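Asks: sequence first, predicted model second:
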Amino acid sequence: MALSIIYWARYVDGHTKLTRKSEKAVDSDRVLKFVLDKECHVISAVVQASMRDTSYKVQIFLENEDDDAGTIISSTCECPMGQFRCHHVAAALLFGYKRASKTDVKCSWIKHPKSAPPKSTTTMAEMYPPRQQDYSYALDFV
């Protein structure tokens, strides 16, 4: 579960046909590619058309996910209905909830993690101090 179900529920709210078509698309494995970039709050997906051998690129821009409000800023799809509410966008959102895995989420590396201690530099003299005058090695007497 990489994405909250709230995004899909708010997108299909009041659209029964959109709900059914998006569920069928996910159940019949028509979401071919799904990438969630949590840093930029963008979903990029490729969804296969229902009755054709074509597929459509879908891009969804989300509001900050920290509050889990489920707000979609905008979405685009290459299909004829792409500028309105289409089931390809709904299928990508539902796929993000039902089937997306950790590998579908784009990696982002923290430059300075808060939990890591500050790095310190150790010199060679500190690591290997010079020999002391009154110190003798056990092998010196053999």
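Replies: In hand now; what should we look at?
Asks: residue contacts, residue 30?
Replies: 47-50, 91 (CB atoms under 8 Å, 6 or more residues apart in numbering). In this view, the C-beta of every residue, glycine as well, is placed from N, C-alpha and C.
Asks: the helices in the chain, which residues?
Replies: Assigned by DSSP state H, the chain shows helices spanning 5-12, 16-27, 87-98, 124-127.
Asks: per-residue confidence at the spatially most central residue of the chain?
Replies: Nearest to the mean C-alpha position of the chain, by CA atoms, centre = their mean, lies residue 105 at 2.6 Å. Note on residue 105: pLDDT of 71.
Asks: who's in contact with it?
Replies: 2, 35-36, 38.
Asks: ok, back up a step: in the contacts of residue 30, find the pair that's most separated.
Replies: The largest separation in those, counting by CB to CB, is between 49 and 91 at 10.9 Å.
Asks: compare these two (neighbour count), which wins?
Replies: Taking neighbours as other CB atoms under 10 Å, residue 49 and residue 91 compare with residue 91 leading, 27 against 14.
Asks: for the contacts of residue 30, which one is nearest residue 26?
Replies: For the contacts of residue 30, the nearest to residue 26 is residue 91 (5.5 Å; CB to CB).
Asks: ok, which stretches of the chain are strands?
Replies: 31-37, 42-48, 55-62, 72-77 (DSSP state E).
Asks: how about the nearest residue to residue 63, chain neighbours excluded?
Replies: Counting by CB to CB, 6 or more residues apart in numbering, residue 63 lies nearest to residue 71, which is 3.7 Å off, once chain neighbours are set aside.
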